[in-house]
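K.L.:
Okay, predicted coordinates and the sequence, questions at the end:
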Amino acid sequence: MGYPDRPVVNVSYADAVAFCRWASTKFGAPVRLPTEAEWDYAAGNRTLGLVYGDAAEWVSDFYSKNYFEVSPLTNPAGPSAGTKHVIRGTGQHRNSRGPEEHSDQIGFRIVIGTYN
């Protein structure tokens, strides 16, 4: 049975990025992970079709504990480098993991298109 409104789970950040590359080629449209700001906006407003469920989800941003204290106000794309990536979850929970880590509690969703 399919669950179209649930994230894919048990994938690493590297797996999620590889899927996005594959899907971009397969469908001829840019497919990517959302930025943390996009994820946050969609989770709060539920207007972009991105709904959070029981799993935490990879976003494209590198992790920096204090990034939002120094980030641009419009469309922050996250730090330009780092060793861990952000995962976001239910209740707006924010954490980080290494790009090869995976579990049945971490998944991803995609954005089709480019940054605005």
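P.N.:
Yes, it's here.
K.L.:
For the residue nearest to the spatial centre of the chain, give me its contacts.
P.N.:
Nearest to the geometric centre of the chain sits V59, at 2.1 Å (C-alpha atoms, centre = their mean). By C-beta atoms under 8 Å, 6 or more residues apart in numbering, the residues touching V59 are L33, P34, T35, E36, E38, W39, G78, H85, V86, I87, R88. (Glycine included, C-beta is placed from N, CA and C.)
K.L.:
so which helix or strand takes in it?
P.N.:
Element membership for V59, per DSSP states H and E: strand 56-62.
K.L.:
what helices or strands is the next helix or strand after that strand leaning on?
P.N.:
Counting by DSSP H and E, the next helix or strand C-terminal to strand 56-62 is helix 67-70. Contacts defined by 3 or more C-beta pairs under 8 Å, 6 or more residues apart in numbering; DSSP states H and E place helix 67-70 against no helix or strand at all.
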